[in-house]
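Student: This is the structure alone, sequence omitted:
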C-alpha cells in the first residue's frame, strides 16, 4: 500500500490549538482515489526537533507524497508555498525557547528548494470547488519554513518521495473570534475538504498547468 | 404570533449571488425561543425602491424586531453596524443604474440614527460561540446604509418596532475564491448560525452590556 | 481681521509626539489668500476637557472657520471626516485615565453632525497637487470624534462659524519607523502643505463639487 | 576610483513614472564617505533585456557594490529583499508584452541567491534615522526578482563585486493620490535619503548585525 504523509503542528504563540493539526488529524487513515493511505503526525513548534521528527517519519513510513501544514494567522486562504529558503530568523521564540537569528536551516545546503507539488493545478481545483486558495512565495523564516526546507532537502535525496510541499492555512473561526482586530478565518470542515482535494489533485496531476499566479513584488 | 423580519439583498457589483440573501432565506419560518417567527424578504440593490420595500414589509408584517443584512466584501466578520447616516454617495451605480451623490436619504431627516439592537451583547455572544463578530461605525454611503437609515427612521415612529439594526457579512468562500486578491470569507452555515444567535441574543437581552468596542479613529 | 482656528492634539497611546500638533504649529500666524489669519491651539487627549478647550477657543477667537486635526495611525492619507457621531466608546483610556463606554458626547444632542467644509473640493485639490487625500465616514468613537462632534454642535449655534470640520492624518515617518509592523506615513512638510491647501480650498469654494467619494460598506 | 552601481526601472503597469528611477537619478555622481562614486542606469521593465543590461553595466563599470531599486506599490517602507528565487511567473505582461509563466530566470541556476548586503544593519540605521524600513523575504516573481536573481548570479562569479542586493520602494505621493483606494507612499526626498543612508551603511558595515527581522509565515 502506498503511503501519503500529512503533518500538522502543535499550538504556538499563545494559541490553545493549531488549525493545522485539527485539520490534519481528521484525515488519518483516509484512502485517496489511487489507493494511497494517509498517515498523520503532529510536529512540535521547535526548530531542529520538528525537522528531525519529519525525517524520522520519512524513514519509517517511506511515503511517496508529503504535505506539511502550518498555521498562518492573518491569511485568508489555503496558501500553497512555492519555495523554502535556507534561513532561520525567528521573530518570536519557539516552544522550546529557542530564537535562532540568521543561521541556515542546513549549513551548506542550497539557498532554497522549490515545492514538487503541482501547486497551480491544486489552486485551480480548489478555487473551482469554491475553496479560497492561492500561491505564496514566502513561507517566512520560522519553524514552518524550517520544516518545509528540511522536507524538500530530504526529498531531493529520496527518489521514491515524488511529491512534497507545504501549505499555510488561516485561523479557525474560534481563533479569529478572540483576536483584538478582525482576522480572516476558515472553518475546520472546509480546511479538511481543501486538504483532501489538494492531495487528490496531486495524485491525479502528472504535469502541473501553467496558469499565472505570480506577484509583481 | 410575534414576527421578526430578516432582510437580504439581491446580487450587485457583478456578483452572481449575495450572501445576505443566501443566509437569510435559510431562516424563513424559523421560530425563536420566545415564540417569535422569522419572516424574510429579498430587497433589490436599488436606492429608494429597496427602502420603500422595507417600509411596505413593516406595514404588512408589523414585526417587533428587524435585522437587515448586507454583503461587505473584504470584511472578515459579522459586522454589526452602530449608526446609519443621512447620506447617499454611490461609488458605483445601483442595479437600476442610479448613482446619487451627496444627497440625503430622507430630506430633512436627522443626520443619523443609532441601531436599537443590543450590539455589544450580540457580538459577545457570537465571539463566545466562536463566530468572528464585531462592531462597525460606518455602514458606508451606498444602498446598505440607505436601507438601514430608512429602517431606523421608520422604527423611530413605530413604537411596536422595538429593535432594529443592520449587519454586514463577509463574502462566501466561493465568492472569495474568485477574487483576484485574497479576501476573507465565511461559510453559509456559519453565517446562518451567527444570524440566528444574534436574533436569539436580541430576544433575550433587556439592557445591552457595556463592553468597550470602540475605535480610536 | 478674519480668524481661522487650527487645532492639534497632544501625544497619546504611548507616542512621544502627535503629528497633528507638529503640523498645526507650523501654520501659526500664517495668512491665507483672503486675508484670514491662522490661530492654533493644542488640545489635550482627554474627553470633555478637550471639547471644553475647543469651545473656549471659539468664544475667545470667534473664528469663521475651524479645522481640527488628529492622528490616525494606520491611515495612508489626509482623511477628511464627513460625519461626527454622538457616541463615546473608548478602546483605550485617555490621557487622564478616563474610558467612557457607550455614552453620548452631549446628552440629548442629535445623533450626528455633518462637516460643513467642502470636503470633496478639498480632496480633489489635494489629489491634483499630488498629496494623498480622501473622505472618511467614521472618525471613530474616541477623543477625536468627541472633539469633532463638540465642534460641530457649537458651529450649529454660531452663525458666524461658517465652516468647520476634522481631518485625520497618518503617522510621521519617524513614528512608522518604530512600529512593529509596516505602517503608512507622511512627512511633516507634506502634511503642512496639505493642511494649508485644504484651508485655501475651503476659503475659495462657495459650493462643494459633487464627485463620488462614497463607500459601498 | 571605486564605483557603486545604483539601478532604477522605467515605468510599468500604466504608471507615468517609476519612483525607483526618480530616486536613483538624484544620486548620479554622488560620492560616498569611502570615496566610492555612484553610477546610475535605468533598466527597462522587460524580462531578459533588463537582466542583460545589468550584466553589461557590471562588465563596463566593474562596481564593487550594486543596489537595484524597484517599485512595490502598496508597501509602506523601504523594503530590503533577502532572497531572489529562480522563477519567472508574470501576473501581467512586461513592457515588451512578454508574460513568462513558471520558467527559471536562468536554466540550471540555483533555486535562490541571498543578498550580500548587510540588510539588518541597513534597516536599523534607517529606522534610527526615522525612515520606515524593513526586510522582505519575497521580491515576487516579476521583472524585479528576475533582475535581482540575475544580479546575484553574476555577483557569485565576480569576486570584486563584494556586495549586491535589491530594495523595493513605495509609491510616490503623487502616484498614491491617483489610486482608487488609499495606498501608502513616501516622498522622493526621503527615498533618496534612505538610499544614500543604505549605501553608506553598507560601506561602513563589515559584519551584519543579528537582530531579529523574521516573519512567522
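Tutor: Sure, I can see it. What you see is a predicted model, and the numbers here were worked out from it, not measured in a lab.

Student: CA atoms for contacts and neighbours, from now on please.
Tutor: Noted.

Student: Next up, the contacts around residue A:155.
Tutor: The neighbours of residue A:155, taking C-alpha atoms under 8 Å, 6 or more residues apart in numbering or on different chains as the test, are A:161-164.

Student: my bad, should have said residue A:7
Tutor: For residue A:7, the contact set (C-alpha under 8 Å, 6+ apart) comprises A:20-21, A:24, A:40-43, A:66-69.

Student: Could you rerun that using 10 Å?
Tutor: The contact partners of residue A:7, by C-alpha atoms under 10 Å, 6 or more residues apart in numbering or on different chains, come to A:20-21, A:23-25, A:39-43, A:54, A:57, A:66-70, A:166.

Student: Then residue A:29?
Tutor: A:3-4, A:36-40.

Student: okay, these in CSV with distance to chain B next?
Tutor: Formatted as CSV, these follow (distance: C-alpha to the nearest C-alpha, whole Å):
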residue, distance to chain B
A:3, 30
A:4, 27
A:36, 28
A:37, 28
A:38, 26
A:39, 28
A:40, 26
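
Student: gap between the most far-flung residue of chain A relative to its centre and chain C?
Tutor: What lies farthest from the middle of chain A is residue A:180; by C-alpha atoms, centre = their mean that is 26.3 Å. Distance, residue A:180 to chain C, by C-alpha to the nearest C-alpha, to the nearest Å: 11 Å.

Student: And for residue A:35?
Tutor: Taking C-alpha to the nearest C-alpha, one finds residue A:35 at 46 Å from chain C.

Student: Could you verify my assumption that that residue touches residue A:3?
Tutor: Yes - counting by C-alpha atoms under 10 Å, residue A:3 is a contact partner of residue A:35 at 8.8 Å.

Student: Give me the more crowded residue out of these two.
Tutor: More crowded of residue A:35 and residue A:3, by other C-alpha atoms under 10 Å in any protein chain shown: residue A:3, with 19 against 12.

Student: contacting residues around that one?
Tutor: Taking C-alpha under 10 Å, 6+ apart as the test, what residue A:3 contacts is A:29, A:31-32, A:35-39, A:61-66.

Student: Identify each buried residue in the helix or strand harbouring residue A:168, please.
Tutor: Applying DSSP states H and E as the criterion places residue A:168 in strand A:163-169. By neighbour count on 16 or more other C-alpha atoms under 10 Å in any protein chain shown, the buried set for strand A:163-169 is A:163-169.

Student: can you list the contacts of residue A:29 in TSV and add pLDDT and secondary structure?
Tutor: TSV is the format used below for the contacts of residue A:29 (pLDDT from 0 to 100; DSSP: H, G, I helix; E, B strand; the rest coil):
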residue	pLDDT	secondary structure
A:3	98	strand
A:4	98	strand
A:36	98	coil
A:37	98	strand
A:38	98	strand
A:39	98	strand
A:40	98	strand
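
Student: Pretty sure residue A:174 sits against residue A:18.
Tutor: No - counting by C-alpha under 10 Å, residue A:174 sits too far from residue A:18 to count as a contact (11.2 Å).

Student: how about the residues of chain A near chain C?
Tutor: Chain A comes close to chain C at no residue, as judged by C-alpha under 10 Å from any C-alpha of the partner chain.

Student: residue boundaries of the helices in chain A?
Tutor: Secondary structure of chain A, counting by DSSP state H: helices at A:19-24, A:49-61, A:119-128, A:143-156, A:173-176, A:188-204.

Student: Taking strand A:163-169 as reference, get the angle to the third one.
Tutor: Angle between the axes of helix A:119-128 and strand A:163-169 is 40 degrees (criterion: axes from the mean of the first three to the mean of the last three C-alpha atoms, to 10 degrees).

Student: List the buried residues of helix A:119-128.
Tutor: Buried residues in helix A:119-128, counted by 16+ other C-alpha under 10 Å: A:119-127.

Student: can you check the second one too?
Tutor: Along helix A:49-61, these residues count as buried under the neighbour rule (16+ other C-alpha under 10 Å): A:50-51, A:53-55, A:57-58.

Student: With the longest one instead?
Tutor: Judged by neighbour count using 16+ other C-alpha under 10 Å, the buried positions of helix A:188-204 are A:188, A:190-192, A:194-203.

Student: Quick one: name the residues of chain A near chain B.
Tutor: Checking chain A against chain B by C-alpha under 10 Å from any C-alpha, the hits are A:74-79, A:123-124, A:126-134, A:170, A:172-187, A:189-190, A:213.

Student: filter those residues by proximity to chain D?
Tutor: Okay, of the residues of chain A next to chain B touching chain D (C-alpha under 10 Å from any C-alpha), that's A:74-75, A:213.

Student: so which of the residues you listed comes closest to residue D:114?
Tutor: Within those, the smallest distance to residue D:114 is 22.9 Å, found for residue A:213 (C-alpha to C-alpha).

Student: didn't the closest one look like it was pressed against residue D:99?
Tutor: No - at 11.4 Å, residue A:213 does not count as touching residue D:99 under the criterion of C-alpha under 10 Å.

Student: Determine the residues that are contacts of both of the two.
Tutor: Both residue A:213 and residue D:99 are in contact with D:89-92, where contact means C-alpha under 10 Å, 6+ apart.

Student: from those residues, which ones fall inside strands?
Tutor: residue D:89 (DSSP state E).

Student: May I see the shared contacts of residue A:213 and residue D:99 arranged in CSV, with pLDDT, distance to chain A and neighbour count as well?
Tutor: As requested, the shared contacts of residue A:213 and residue D:99 are arranged in CSV below (pLDDT from 0 to 100; distance: C-alpha to the nearest C-alpha, whole Å; neighbours: other C-alpha atoms under 10 Å in any protein chain shown):
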residue, pLDDT, distance to chain A, neighbour count
D:89, 97, 5, 25
D:90, 97, 5, 24
D:91, 95, 5, 18
D:92, 95, 8, 18
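
Student: quick one on the thing from earlier: ok, of the contacts of residue A:155, which one's closest to chain C?
Tutor: Comparing the contacts of residue A:155 against chain C with C-alpha to the nearest C-alpha picks out residue A:164 as the nearest, at 31.7 Å.

Student: and the closest one, what does it touch?
Tutor: Taking C-alpha under 10 Å, 6+ apart, one finds A:4-5, A:63-68, A:114-118, A:148, A:151-152, A:154-156, A:202 in contact with residue A:164.

Student: Can you give me the neighbour number for the closest residue to it other than its chain neighbours?
Tutor: Residue nearest to residue A:164 in three dimensions, not counting chain neighbours: residue A:66, with 4.6 Å by C-alpha to C-alpha, 6 or more residues apart in numbering or on different chains. By the measure other C-alpha under 10 Å, the count of residues near residue A:66 is 29.

Student: mind checking pLDDT for residue A:66?
Tutor: Looking at residue A:66, its pLDDT is 98.

Student: Would you check that it makes contact with residue A:8?
Tutor: No - when contacts are counted by C-alpha under 10 Å, residue A:66 is not listed as touching residue A:8 (11.4 Å).

Student: shared neighbours of those two, which are they?
Tutor: Shared contacts of residue A:66 and residue A:8, counting by C-alpha under 10 Å, 6+ apart, come down to residue A:40.

Student: Among the helices of chain A, which comes closest to residue B:139?
Tutor: Closest among the helices of chain A, using C-alpha to C-alpha: helix A:173-176, at 21.8 Å.

Student: Which residues does the closest one contact?
Tutor: A:15-19, A:73-74, A:170, A:182-188, B:76-77, B:126-133, B:186, B:190.

Student: Thanks a lot, catch you later.
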